[in-house]
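Visitor: Quick one: sequence and predicted model below, then my questions.
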Amino acid sequence: MGGNAVDEGQVRRLVLFGTKGVVTRCRDFTEAALGDWGWIPAEGDEGQERVEDVLLLVSEVVTNACLHADGPEELVLRQRDDHLRVEVSDASPEHPRRRQPRAPSLPGGHGLMVLDRLAGAWGSEPRGRGKVVWLEVPRPGHLR
């Protein structure tokens, strides 16, 4: 095997249809992958917080696809040595955009703020007729 196998890391894909139960399916799928990749059981408080952050971030991007794009089409997880990349694709060409700030006590409208605070980096890019929203989270013990 060449160097590309190492560079690509490990990849898991979950094809999705509709919105019913999709957030739970994606969280469970992510949690299983994190377990296989050694993120779980987490070592120490930092590791546990990072796992919780990843599951919350997955919930946020999948929920946004449900609310704004008729549901996600695919969840892709890419594990590399120092970080995890999460990609959620959907059929809408509309990229996430910040709304007017709202009071933290009001429900809804805080998804992008959560991404800003918890993800090491995030963004969106065109893919096919829709887009992919991606985020990256450093592995516990790795600074970014």
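Guide: Here it is on my side, so go on.

Visitor: need the contact list for L57.
Guide: Shown in contact with L57 (CB atoms under 8 Å, 6 or more residues apart in numbering): V86, V114, L115, L118, A119, L135, V137. No exception for glycine: its C-beta is placed from N, CA and C like everyone else's.

Visitor: Now, the residues you listed that are in helices?
Guide: V114, L115, L118 (DSSP state H).

Visitor: now, which of the residues you listed sits nearest V54?
Guide: L118 (8.5 Å; CB to CB).

Visitor: quick check, E60 in a helix?
Guide: Yes: under DSSP: H, G, I helix; E, B strand; the rest coil, E60 falls within a helix.

Visitor: since we're on L84, how many residues are nearby?
Guide: 24 (other CB atoms under 10 Å).

Visitor: Give me the pLDDT value at the closest residue to it other than its chain neighbours.
Guide: Sequence neighbours aside, V137 is the residue nearest to L84 in space, at 5.1 Å (criterion: CB to CB, 6 or more residues apart in numbering). Listed pLDDT for V137 reads 95.

Visitor: Going forward, count from 243.
Guide: OK, 243 is where the count begins now, so the last one is V379.

Visitor: V379 contacts V293, doesn't it?
Guide: No: contact between V379 and V293 fails when scored by CB atoms under 8 Å: they sit 9.6 Å apart.

Visitor: So between the two, which is more surrounded?
Guide: V379 (23 against 20).

Visitor: Torsion angles phi and psi at P368?
Guide: phi -60, psi 140 (degrees, to the nearest 10).

Visitor: One more: the one 5 residues further on?
Guide: When read as degrees, to the nearest 10, the backbone of K373 gives phi -150, psi 170.

Visitor: Neighbours of it, how many?
Guide: 21.

Visitor: how about the residue nearest to L326, what does it touch?
Guide: Taking CB under 8 Å, 6+ apart, one finds R292, D295, V296, L299, H325, L326, V328, L360, A361, G362 in contact with V379.

Visitor: For L319, see how far away it is.
Guide: 11 Å (CB to CB, to the nearest Å).

Visitor: just to revisit the earlier point, using pLDDT, spot the least trustworthy of the ones in helices among the contacts of L299.
Guide: V356 (84).
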